[in-house]
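Asker: Dropping the sequence and predicted coords here.
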Amino acid sequence: IITEHQQQLDPVVHEISDLQTVMDSINNLHQQLSEKKDKITQSMNSHKRLASALWRLPTEVLSCIFMYCLLEDKYLSPVSNLAPVLLTRICRQWRDVAVGTPCLW
């Protein structure tokens with residue numbers, strides 16, 4: 001009877017071992033994903049702080065920054081995916097600043 005029970009027990013112990021391996025893999029994957037999520041969250045928070053600082057820049061400073069976005073060739077026609085037109089599509093404040101800066105055009 002002991003031999004019979006041992007024969008029944010061996011596959012169960014093996015199955016438990018297999019499940020433990022799967023659980024370890026899942027826990028490892030969970031840990032990796034949690035770390036990745038934390039890094040993404042930190043990056044988002046950093047970008048939010050940076051964006052927040054950009055919203056506080058005075059109009060004059062934004063105008064100067066926008067001037068550095070222009071292409072070297074001032075005689076090209078405006079293109080929608082390049083400065084200064086692109087700058088007008090970011091937000092209302094940037095549009096107002098770009099439109100209100102004559103030397104961009």
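Answerer: Looks like it arrived, so ask away.
Asker: can you give me the helices in the chain?
Answerer: Taking DSSP state H as the criterion, the chain carries its helices at 2-55, 59-68, 92-99.
Asker: The last one to helix 59-68, inter-axis angle?
Answerer: To tie it back to what came earlier, the one meant is helix 92-99. Angle of helix 92-99 versus helix 59-68, following axes from the mean of the first three to the mean of the last three CA atoms, to 10 degrees, is 70 degrees.
Asker: which outside residues touch helix 92-99?
Answerer: If you take CB atoms under 8 Å, 6 or more residues apart in numbering as the criterion, helix 92-99 is touched by 55, 59, 62-63, 66, 84, 87-89, 104. Glycine gets a C-beta too; all of them are placed from N, C-alpha and C.
Asker: For that helix, the averaged confidence score.
Answerer: The average pLDDT within helix 92-99 is 94.
Asker: go on, the first one?
Answerer: Over the span of helix 2-55, the pLDDT mean works out to 93.
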